[in-house]
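**Student:** Fold the following.
(one chain, ligands or ions: 1)
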Amino acid sequence: MTLQIKIKYFHSDLPKIKKIAQGDWIDLRAAQTIELKKDEFKLIPLGIAMELPEGYEAHIVPRSSSFKNFGIIETNSMGVVDESYKGDNDQWFFPAYALRDTKIDFGERICQFRIFEKMPEVELIEVDHLGNENRGGHGSTGVK
Ligand SMILES: O=c1ccn([C@H]2C[C@H](O)[C@@H](COP(=O)(O)OP(=O)(O)OP(=O)(O)O)O2)c(=O)[nH]1
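**Tutor:** Numbering: from 1, shown residues only. Okay, the predicted model is just below:
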């Protein structure tokens, strides 16, 4: 089944996303040339807005090579794009923290996304005891 995503580009010279093979994450590009000093934080605009299919959200993560290429990490570890983020000015962005002086040029591919089905409706039921065995603290299974 092919799902359709409406996409709006904010710059006519930003390369359009090509049709992608099923299962592949989709690369996104910086829509502005950005210089960051070591330890500086900036929101990098990605030059696109989308209307996701009903019942879906999108997750944005860095490319594996982004740190090597640009010395940046994503401050929220993973960006979550809500289904409701679909207005004409709801441009996607990448929150970047630089670990060295760096420059990212317009059009360079800095991150990737894919869509996921949203979490089903859940109900939180408060209890005094969960009634299960404790598994042990973090790292209790060792490293080997
Ligand atoms: O890396 C990101 C994270 C979020 N967003 C957009 C999509 C998302 O739907 C919106 C709000 O993000 P989020 O809910 O994570 O932000 P918040 O800090 O919880 O603020 P809000 O009060 O707007 O929910 O910003 C991005 O473009 N990139």
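**Student:** Shouldn't L43 be within a strand?
**Tutor:** Yes. Under DSSP: H, G, I helix; E, B strand; the rest coil, L43 falls within a strand.
**Student:** Burial check on it, number of neighbours?
**Tutor:** 13 (other C-beta atoms under 10 Å). Just so you know, the C-beta spots here come from the backbone N, C-alpha and C atoms, and that holds for glycine as well.
**Student:** Chain neighbours aside, what residue packs nearest to it?
**Tutor:** F93 (4.5 Å; C-beta to C-beta, 6 or more residues apart in numbering).
**Student:** Dig out what that neighbour forms beta bridges with.
**Tutor:** F93 has the following beta-bridge partners by DSSP bridges: P45.
**Student:** Quick one: neighbours of it, just the number.
**Tutor:** Considering only other C-beta under 10 Å, F93 is surrounded by 18 other residues.
**Student:** what does I60 give?
**Tutor:** 23.
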